[in-house]
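Participant: Generate a structure from the sequence data that follows.
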Amino acid sequence: MFGGLLSKLQGGGDLPTIEHGAFTQAVAQKSAAIVDVREPHEYAAGHVPGAVNMPLSRFSPATLPKSKPVVLICQAGGRSAKALRQALDAGRRDICHYALGTGGWKNGGGAIEQ
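Facilitator: Numbers count the residues shown, from 1 in each chain. Prediction:
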């Protein structure tokens, strides 16, 4: 799964996360489906290139892409963690979240598309 790109959330958490360098690589290589769980107006204002929008307010793990591993993202990690818990509880295992969120992505020099 993710070729070893998953690691445990720091600070004692148990949710699978992806570190910045591995996330950058996944975005560049399109090796994961990036799912942005922010609301549509937030997504429209700027998102990680290639990300699809599945707002947490209407989130259903059953509708997640199945063709490749999934990385969930929001603004700062809170909503993506909630969506991740739902997906894990539904039995999805090839999934993690980018805990730094879109804000961390931008601050780390990541491109944003609108």
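
Participant: confidence score at the spatially closest residue to residue 87 that is not a sequence neighbour?
Facilitator: Nearest non-adjacent residue to residue 87, counting by C-beta to C-beta, 6 or more residues apart in numbering: residue 61, 4.2 Å away. No exception for glycine: its C-beta is placed from N, CA and C like everyone else's. Listed pLDDT for residue 61 reads 97.

Participant: buried stuff in the helix or strand harbouring residue 84?
Facilitator: Assigned by DSSP states H and E, residue 84 belongs to helix 78-89. Applying a neighbour-count criterion of 16 or more other C-beta atoms under 10 Å, one finds 79-84, 86-88 buried in helix 78-89.

Participant: With pLDDT and distance to residue 46 added, can I get these in JSON lines?
Facilitator: Shown next, in JSON lines, are these (pLDDT from 0 to 100; distance: C-beta to C-beta, whole Å):
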{"residue": "79", "pLDDT": "97", "distance to residue 46": "16"}
{"residue": "80", "pLDDT": "97", "distance to residue 46": "16"}
{"residue": "81", "pLDDT": "96", "distance to residue 46": "21"}
{"residue": "82", "pLDDT": "97", "distance to residue 46": "21"}
{"residue": "83", "pLDDT": "97", "distance to residue 46": "19"}
{"residue": "84", "pLDDT": "97", "distance to residue 46": "22"}
{"residue": "86", "pLDDT": "97", "distance to residue 46": "25"}
{"residue": "87", "pLDDT": "97", "distance to residue 46": "24"}
{"residue": "88", "pLDDT": "96", "distance to residue 46": "28"}
